[in-house]
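Engineer: Structural data only, the sequence is not supplied:
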């Protein structure tokens, strides 16, 4: 579940990430428009996808790091200072393991990659 407090943070992060570039990566891997079915993807393919998606996100990390820290703080019910001291990789994994957060980004990704009429 995404709370009203979390929604603007998610929207800011999505707005700062180049979702069309990420969509292009997923289209090349035949993962859009249907999405990712982990059972149909080998570990090697998943690692390559993660690497390519990471190449899109990493240049934006400075822009989104404050928003991610605030989102983690809200999700965990801790201060921003405490969230800033947590393990980054584990915190991001925790966020993405929550269906509401992942669904939010998948929907935004699909909207960003749909052909404009």
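Structural biologist: Received the coordinates, thanks. Predicted, not measured: the structure shown is a model, and the values here were computed from it.
Engineer: which SS state does the spatially most central residue of the chain fall under?
Structural biologist: The centre of the chain sits closest to residue 105, judged by C-alpha atoms, centre = their mean, with a distance of 5.7 Å. Following DSSP: H, G, I helix; E, B strand; the rest coil, residue 105 is assigned to helix.
Engineer: Give the buried residues for the helix or strand containing residue 55.
Structural biologist: Under the criterion of DSSP states H and E, residue 55 resides in helix 43-57. Neighbour-count burial for helix 43-57 flags 49, 52-53, 56-57 (criterion: 16 or more other C-beta atoms under 10 Å). Using the backbone N, CA and C atoms, a C-beta is placed for each residue, glycine as well.
Engineer: now do stretch 64-77
Structural biologist: Within stretch 64-77, the residues that count as buried by 16+ other C-beta under 10 Å are 64, 67-73, 75.
Engineer: Let's have those in CSV, adding secondary structure.
Structural biologist: CSV is the format used below for these (three-state DSSP):
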residue, secondary structure
64, helix
67, helix
68, helix
69, helix
70, helix
71, helix
72, helix
73, helix
75, helix
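Engineer: any idea which helix or strand carries the nearest residue to residue 6 once chain neighbours are set aside?
Structural biologist: Nearest non-adjacent residue to residue 6, counting by C-beta to C-beta, 6 or more residues apart in numbering: residue 74, 5.5 Å away. According to DSSP H and E, residue 74 maps onto helix 61-76.
Engineer: Give me the below-cutoff pLDDT ranges for the chain.
Structural biologist: 28-41, 115-117 (pLDDT under 70).
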